[in-house]
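>>> Structure, please.
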Amino acid sequence: EPKLAFTMAALRRMTVPQLRKLINKEAGVFFEKEVTKKEDMIKVFINSGRVRILPPGSPSTSITLHSSESSSELNAKEAAEKKRDASIKIRSSQRLRTKIRRLFGPRSGTTASASD
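All right, here's what the predicted structure looks like:
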């Protein structure tokens, strides 16, 4: 018995990153990186047998049978992950600039700006 159940409409409404995350992390289905089209991803997911497709017009458009997380909670987690990733990129960039300055000194012909 599949642990996940969705209508086709619910799967099609998801963005490619959301769908990839659902298929990889929630269902444990992995496919080649070349599979980038949403319809192809959905076909692979359905053929894996790890999802049950609900009939159109089901009272709930998507059901995760093994998880109590709602889609809004998942969206909030995704937003938090994106914010964290952006913060990591900024800090990494700042550390790199600092290392470059230590190695090569300040930029020649310019004065230090407040943004540095």
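>>> I'd like the distance between the most centrally placed residue in the chain and G49.
Geometric centre of the chain, nearest residue: P17, 4.5 Å, by CA atoms, centre = their mean. Distance, P17 to G49, using CB to CB, to the nearest Å: 23 Å. Glycine gets a C-beta too; all of them are placed from N, C-alpha and C.
>>> cool, and A79?
Distance of A79 to G49, given as CB to CB: 31 Å.
>>> what does P2 give?
Taking CB to CB, one finds P2 at 7 Å from G49.
>>> Pick out whichever of these two has more residues nearby.
Set side by side, P2 and G49 show more neighbours around P2, with 15 against 11, by other CB atoms under 10 Å.
>>> dump the residue contacts of the residue lying closest to that one once chain neighbours are set aside.
Using CB to CB, 6 or more residues apart in numbering and skipping residues adjacent in sequence, the residue nearest P2 is R52, 4.4 Å away. R52 makes contact with E1, P2, L4, A5, F6, according to CB atoms under 8 Å, 6 or more residues apart in numbering.
>>> What is the three-state secondary structure of R52?
Assigned by DSSP: H, G, I helix; E, B strand; the rest coil, the conformation of R52 is strand.
>>> Model confidence score at it, please.
pLDDT, R52: 87.
>>> With I90 instead?
81.
>>> ok, back up a step: the residue nearest to the centre of the chain sits in which helix or strand?
Of the helices and strands defined by DSSP states H and E, P17 is found in helix 16-21.
>>> buried set for that helix?
L19, R20, K21 (16 or more other CB atoms under 10 Å).
>>> which non-adjacent residue is nearest the last one?
In space, not counting the residues next to it along the chain, K21 is nearest to E78; the distance is 7.7 Å by CB to CB, 6+ apart.
>>> do you know how far that neighbour is from D40?
22 Å.
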